[in-house]
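In: Sharing a model that was predicted from the sequence below.
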Amino acid sequence: MEINKIPLGSGDKGKAPSCGGGWEDPANFKKNNDLVKTRKSKMYGVLCGKQNNLLVVDYDIYKLEETAINLKTLKGAHGAGAYIVQTQSGGYHVYHTYEDKFESWKGKCGIYGYIDIRNTNNYVVGGKSTGYTELSGNIEKLTPMPDIIFNKLDGKIASMRKEASNGKSKSKPNKVFWGSKSKSNKVHDLDEADALVEHLEDFGFTNVEFRWDGSPYNFTCDQVGGKVACPCCGGVHDNNNFYYRVDEKELNVIVKNHSESCEAKALDSYKVVKYLFERKVCRLRQSLTYVVEEEKPWGNPFERPEGVRPEESINMYKYHGIRELFGHLKYTDSGPKPSTHKFMPTWLRDAHKRDYALMDFYPENCPDQVFNTWRGYAVEGIDPSLGAKGSEDMFVELVTVLTGNCPKYALDYYALLFQHPGRKPRTCLVYRGKPGCGKGMHLTSFDILMGSDLYFETNKAQQDVFGPHAQAFDCTKLVAMNESSMKYNITNKDTLLSLISDEKGVQINPKNINVYEVRNLAGTIMMSNDKVVVYVDQDDRRFVIFETNEKYRNDQVFFAAYEKYMLKPENQRAIYDFLMKRDISKVDWVKDRPRTKAYIEMVSSNLSPCLKWFAEFIDNYPFEFHDQNHGMRRRENIHKWKADDLCHKYPTQRDKDQRLVFGGDMREMIEDYEVPEYCLKKDKGNGVMWWTIDHQKSKKWLEVKGFLLLEEGGG
C-alpha cells in the first residue's frame, strides 16, 4: 500500500505544508503524493490515523528533566519490530497500525505533559526528512500497539477528559509515564521553580512564570511578539512559550522558544552548574567525605508502575574520588570575554557549598546539620486509591502459616515498622522450619514494600552483619538474616543482642571511606532451617520464635500465585493500608511475645544439663505412690534427700566419681541460675550430706522461669 504523504517546506524550519490547505481531504491524496515525488522535498509529512491506517505516539522528551526513554527502552515497551523515528529535537515518533479503538483519542496532546497522539487529520514529519533518522522497523510493516501501552495511554486520556469536564485543573506537566522524571525530589533551600526563575532572570528573561495547568510549555515570560529579544537567539518570536531541559551529564539547562526559528542555548554559569550539581552531591564534615545520590536504573520501563518512585542509592567518595567522578564538568564565566573553567576545583574551594555536619537516618524531625538518608518507603509512592482495589489476604495468610497460626505479634511488629519508622523495634522475629515453606518469599514482600534502600537481606551474616566492614544496619529499617546459623550467632552474641535492641549509633566502616556513625532503627528477622538458631537464656527479652507450618511446603502453584500477587501495586498498597490501620497502641513488645513451643524448646536447648535434669526430676516427682505394705501413700511436698541417694538419679559418665560430678554440677546450677534456697538447699547433719527440696515451690519457680517444657506453645 502506498503511504499518503504531503510536501512540507513552509513555516519555521520548513515543517508546515507547502501544498496549501485541504491536505487531509482524500481527493487531494494523489496530487500531494505526486508533489512529494516531483519536488523531491527535503521535508515531507506522513498522514496519520485512518488516512494511512497508522497511528503515531510522539515522545517530546526534550520537555523532561530526566528520562530513561531511548531506543532500547522504546523497543522493549513497544516491541522489537516497532517502526521508530528520531526527530530533530531528539524526541521519538513510534508508529503502530491503526485500530478502531484509537478513534476516540483524536489528536490528543500533552499526555503526561510530553506525549502527543497523532491521529486522523494529523500528520508527522516523515522519517527520511532532513534532521530525522529512522532507527528501527519498517513503515510498510507496522506492528500493533501492545496492550500495556494502550491501557496506560487510554486510562490517562480518559482521566484528562474527566478533569476537563469537571472544570478541574489538569495534572502538572512532565508527570512520569515511564522511565522519566520531571522534577527533582531532593531537599533544597529553594524549590526547583523558584531556583530556575532566579537563573532564568540572570540569563536575561523577565517576568518568568511557570505553567502548571497541563500546558506542554514549561514557562512564559516577556520575550513575546516583537517586544523583547529572545535571550537564547537574540531574535523576536511570535509566542512567549519556552521549554527547558536539564542535561544531566554536563549539568546545564537547555532553554528554547517553541518557535522553530529559535536556537536552543545552554545556561552553564557557575551558579547554574552548582545548583544542578548540589541536587545530588554534598560534603560531610564529620568524615570529610562526599555523598552522591543517584537513581538506580529501572531496566524495563514497565517493571515499575506509574506512581511508584524510583529507588535511589547513596554513594560515598573521598576527595580524589569525587574530583575524578565529576572532573568533566565545566562552567562559563560572565566576563566581557566569556571563557570556560573546570567546575570541581572552584566548587571544592566554595565556602558556601552544600555541606552537613554528618549523615544519619531520621524518618522525622531531622536536625538541620544532618544529611538525612531517609527517603520513605517504596509503597508510599503508590496512588492511595489503588488500595481499595487490592487485598492483604495472601500476605496475611503467608504470615499466618509462617508463624504456626499465631500471626498477631508478627503483624503488629510489621505495623510498627510502617506506622512509626522513627521507632526501633527492640525484639527479633525468628522463623525456623523446613525448606520450601515460604520463608524466602516472605522476605521478598518487604523488599517490594520498603524498597531495597531500606531493606537489607543477607545469607552471609558473618560478613554483612558481624564483619569489620558490615553495612547491614546502615540506614535500613529491616535486616533479614536468611539461613541464619547458631555457629555465628553464638560467636557474636553480644553484638547481635546490641544490634537487635540498641538504638545508639552503629559504627559503619566501608572500605576506603572514613568511619561514620548512624542511628540504628532497624527491625531484625532471622530465617533458618536449623532446630537451634540463637542462644536464648532464662532472662531473654529479645527473641520471638516461630515454627513454620508446612501447609504450602514446596507448593509451586501457591508461590507462583503469591509472586504475581505481590507485583501488583494495588495489593502492595492494600497491605500497607492494612498495617497502617492496625491498632498497636497497647502492645507490650516484651511481655506480649508469644511463648511458642519453638521458643521454649530453644530456651531448653541452651540450659545446662544439670538444670534440664532438675526440671525433669521435679516435673515427674510423684506426690502419690503405691507402697506394697500400705497401698497408696502420699509423698510429702518437702523431701529431704541423702546426697548419695539423689546423685544416683543424676546421669554422669561412669569413669568419673559420680558424687563429685553431681556436687559440682549442682553448685554451678545454683549459682548460674540463682536457684532460691526455698526451692533447693544443701546442708550437713550427723556426718551425712543432705539436699532439702520443696518440690511444689521448685515446680512453680521452674514454670515461672520457663524451664519446664510444655506440650504446646501459646500464641
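Out: Arrived safely. Quick caveat, the model's predicted, so the values are computed rather than measured.
In: What residues sit buried inside stretch 420-439?
Out: Neighbour counts using 16 or more other CB atoms under 10 Å place 421, 424-425, 427-433, 436-439 of stretch 420-439 among the buried residues. Where C-beta positions appear, they are placed from N, C-alpha and C, glycine not excepted.
In: Counting only helices, which of those make the cut?
Out: Within these, residues falling in helices by DSSP state H are Lys439.
In: Now distance to Asn509 too, for the buried residues of stretch 420-439, in CSV please.
Out: Putting these into CSV (distance: CB to CB, whole Å) gives the following:
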residue, distance to Asn509
Pro421, 25
Lys424, 21
Pro425, 24
Thr427, 27
Cys428, 23
Leu429, 27
Val430, 27
Tyr431, 30
Arg432, 31
Gly433, 34
Gly436, 37
Cys437, 36
Gly438, 35
Lys439, 30
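In: and the residue nearest to Leu325 when sequence neighbours are not counted, how many residues sit next to it?
Out: Of all residues not flanking Leu325 in the chain, Tyr317 sits nearest, at 6.3 Å (CB to CB, 6 or more residues apart in numbering). By the criterion of other CB atoms under 10 Å, Tyr317 has 18 neighbours.
In: Tell me the pLDDT of Tyr317.
Out: Listed pLDDT for Tyr317 reads 92.
In: who touches it in this structure?
Out: Taking CB atoms under 8 Å, 6 or more residues apart in numbering as the criterion, Tyr317 is in contact with 289-290, 292, 325, 513.
In: Who wins on neighbours among the residues you listed?
Out: In the contacts of Tyr317, the most neighbours by other CB under 10 Å go to Tyr290, 22 neighbours.
In: follow-up on the earlier one: just the contacts of Tyr317 now: which is nearest Trp641?
Out: Checking the contacts of Tyr317 against Trp641 with CB to CB, the nearest one is Ile513 at 64.2 Å.
In: Now do that closest one against Asp453, distance only.
Out: 18 Å (CB to CB, to the nearest Å).
In: and what of Lys697?
Out: For Lys697 relative to Asp453 (CB to CB), the value is 54 Å.
In: Looking at the two, which is more packed in?
Out: The neighbour count for Lys697 versus Asp453, taken as other CB under 10 Å, is higher for Asp453 (20 against 16).
In: Surely the more buried one is within a helix?
Out: No - secondary structure of Asp453 (DSSP: H, G, I helix; E, B strand; the rest coil): coil, not part of a helix.
In: I'd say it and Ser313 touch.
Out: Yes - if you go by CB atoms under 8 Å, Asp453 and Ser313 touch, sitting 6.9 Å apart.
In: quick one, what contacts Gly663?
Out: Contacts of Gly663 by CB under 8 Å, 6+ apart are 643, 647.
In: could we number from 54 for the rest of this?
Out: New numbering, starting at 54: the last item is Gly716.
In: Check which element follows the strand or helix carrying it along the chain.
Out: For Gly716, the enclosing helix or strand under DSSP states H and E is helix 711-726. The C-terminal neighbour of helix 711-726 among helices and strands, as given by DSSP H and E, is strand 733-738.
In: List the pairing partners of that next one within its sheet, with orientation.
Out: strand 741-747 (antiparallel) (DSSP bridges).
In: Could you pull out the strands in the stretch 404-553 of the chain for me?
Out: When assigned using DSSP state E, counting those that start in this stretch, the strands of the stretch 404-553 of the chain occupy the ranges 408-409, 411-413, 423-425, 481-485, 508-511, 531-534.
In: For the shortest one, name the packing helices and strands.
Out: If contacts are counted by 3 or more CB pairs under 8 Å, 6 or more residues apart in numbering; DSSP states H and E, strand 408-409 sits against strand 334-337.
In: List the buried residues for the helix holding Gly716?
Out: Quick answer for helix 711-726 (16+ other CB under 10 Å): 712, 714-716, 718-719, 722-723, 726.
In: Look up how far Phe330 lies from the residue nearest to Leu378.
Out: Taken as CB to CB, the span from Tyr370 to Phe330 is 14 Å.
In: Equivalent analysis for Cys101, please.
Out: 42 Å.
In: more crowded one of those two?
Out: Shown here are Cys101 and Phe330; by other CB under 10 Å, Cys101 has more neighbours (27 against 21).
In: Which pLDDT value goes with that one?
Out: For Cys101, pLDDT reads 93.
In: which residue is nearest the centroid of the chain?
Out: Gly504 (1.6 Å; CA atoms, centre = their mean).
In: quick one: that one and Ile435 touch, right?
Out: No - Gly504 is beyond contact range of Ile435, at 11.6 Å (criterion: CB under 8 Å).
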